[in-house]
Each structure stands twice: as structure tokens, then as C-alpha cells.
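> what's the 3D shape of this:
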Amino acid sequence: MFLSVLQSEWFKFRKSGMLPVLFVGPAIALMTGLMTNLAGMETGANDWYLLLQFMILPYALLFLPLMTGILAGLICRYEHQAGGWKQFLSLPVSRGSVFTVKFLLLMAVVFVIQLLFLGAVYLAGTVKEVADPFPMMIIWKSVLGGWVATLPLVALQLTLSILWKSFAAPFAVNVIFTLPSILAVNSETYGPFYPWGQPFLMMYGGGAQESVFFVPWEQVLTVVGGSLIVFFAAGWLYFQRKAV
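Numbers count the residues shown, from 1 in each chain. Here you go, the predicted model:
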């Protein structure tokens, strides 16, 4: 049953025209990296590290959180058209499997976007002829940390996309909460607890270099893990009771 739902969702994903959307955020990051003047900075730091920080600013603060809303809306588009939910759920599949598969597929897509961002960092550095050693562990930590930070956002956006037929409504909610993250991440009081600011905080290499992530484990477990449990459980329970 689970595999059947997964195959169905993968088929709809391939036919949805979502693939070009995956390149938007990494392309913006690449342009940012290419426009960064590393030669004018005499900080003594690894140029790859400096390039990563500049590329993360627009990508993790805005485009990565916003992308979760766009992808969630697109992955539920078929079901909102012409009674699609009623037709889909009339099949011998459980609602829990449908919600879980959509969530897992979204997380897989976000991971691909993160890999594209990794490729954008390497391409930008290669074009700019960065001679310093490539900090593989730091950049992988940034990529994986940003992916983990999007888990609760994906769960929430999936729930809102199931709740509302309109693509614009859940996306507008995401925009409303994403924009304040620009201010929230600069606050030591509110930044560590703001879910939309976590992708930037977990990708930005200003934290502890020796830890698994750039933010404390307590923050990962309570803010990211806690909001994931709340958003996923709320969406899963709502979908179980959704009238179709």
C-alpha cells in the first residue's frame, strides 16, 4: 500500500512541471556568489567559507523557507482539482500513508535542492578561482543542517496546502512568517525559537564548528524537533478527519 502511494505521488511529481522550480534558489545563490568580491576582503579566513556565508544570506533567509510553501502547494494541486481528493481516497489507501508519503517526497525534493546549492557553491568558487582548500565538512554540515531545519516548515506547509484549495493562501502565510525571520535571526532572544529562521541559523557557519550542527543540540531538539512533532501531528490528525 505504502509503495503504491509512493509510486503514484512520484508519477504526479514528474508530470507536475516542478523540476524547473528546484533550480530557482540555487541559481539565486550562484549569482550571489559570482557577484561577491572576495579579492577585496582581507579577513584571513578561507575564501570558500566567506563565499558560503554570502551565498547563504538570500538563499537560507528567504528562498529556502519560501520554497517549502511552493512545493507543498504544487504537490497537492492535483487533489484539489475536480474532486481529486475524493477520487484518490476512494482507492484502497490509508490517509496516514498519503500524508506521510507526501511529506517524505517533499523532504526528498528539498534535499535535492540542498545538493544543488552545494553544487552552486562549488561552481561559484571554481569560476572565481578560489585557491584555498575546500572545507568539505563545514559545507556539508551547512547543507544537512539547512535540510533538517526545513522539516517542520514542510509539515506545516503540507497541512495548509491540504486545508486550503487556493495555492495563494498557504503561500501567503509562508511569506508573512518568512519575512520577519530577517529580523528574528539577529535577536538572541527570539531568533533561536523562530521556526522560519532555523534554516539560516543551521546553515550559517558562525556557531560551534566542532558540533554536529552550527546550533546547540538543545535548539535542534526543542525548536526544530518540537515544532516538527506539533506541525506533523496536527496535519496528520486533520487529514484523518478531513471531509472529502
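
> can we go C-alpha only for contacts and neighbour counts from here?
OK.

> The nearest residue to residue 234 once chain neighbours are set aside: what's it in contact with?
Closest residue in space to residue 234, ignoring its immediate chain neighbours: residue 159 at 7.8 Å, by C-alpha to C-alpha, 6 or more residues apart in numbering. Counting by C-alpha atoms under 8 Å, 6 or more residues apart in numbering, residue 159 touches 231-232, 234-236, 238-239.

> cool, and residue 142?
Counting by C-alpha under 8 Å, 6+ apart, residue 142 makes contact with 202-205, 213-214.

> and which of those is nearest residue 54?
residue 204 (9.5 Å; C-alpha to C-alpha).

> tell me the pLDDT at the closest one?
Note for residue 204: predicted pLDDT of 85.

> what do you get for residue 223?
Residue 223 is given a pLDDT of 90.

> mind checking how far the closest residue to it other than its chain neighbours is from residue 186?
Nearest non-adjacent residue to residue 223, counting by C-alpha to C-alpha, 6+ apart: residue 193, 5.8 Å away. Distance of residue 193 to residue 186, computed by C-alpha to C-alpha, to the nearest Å: 12 Å.

> Give the next helix or strand downstream of the worst-scoring helix or strand of the chain on mean pLDDT.
In the chain, no helix or strand scores lower on mean pLDDT, DSSP states H and E than helix 84-89, which sits at a mean of 69. Where DSSP states H and E defines the elements, the next helix or strand beyond helix 84-89 is helix 95-127.

> any low-confidence regions in the chain?
Low-confidence regions of the chain, defined by pLDDT under 70, span residues 1-2, 40-44, 82-84, 88-89, 91, 205-212, 243-244.

> What ranges does it have for its helices?
All helices of the chain, identified by DSSP state H, fall at 2-15, 24-35, 47-58, 64-75, 84-89, 95-127, 136-149, 151-163, 168-178, 181-184, 198-203, 217-219, 226-241.

> now, of these, which is deepest in the fold?
helix 198-203 (a mean of 28; mean count of other C-alpha atoms under 10 Å).

> what's the spacing between the residue nearest to the spatial centre of the chain and residue 167?
In the chain, the centroid-proximal residue (C-alpha atoms, centre = their mean) is residue 150; its distance is 4.2 Å. As judged by C-alpha to C-alpha, residue 150 and residue 167 stand 20 Å apart.

> which residues touch residue 12?
Residue 12 neighbours (C-alpha under 8 Å, 6+ apart): 75, 78.

> Tell me how far it lies from residue 77.
From residue 12 to residue 77 the distance is 10 Å (C-alpha to C-alpha).

> what do you get for residue 5?
In terms of C-alpha to C-alpha, residue 5 sits 16 Å off from residue 77.

> just residue 119 next, same as before
From residue 119 to residue 77 the distance is 30 Å (C-alpha to C-alpha).
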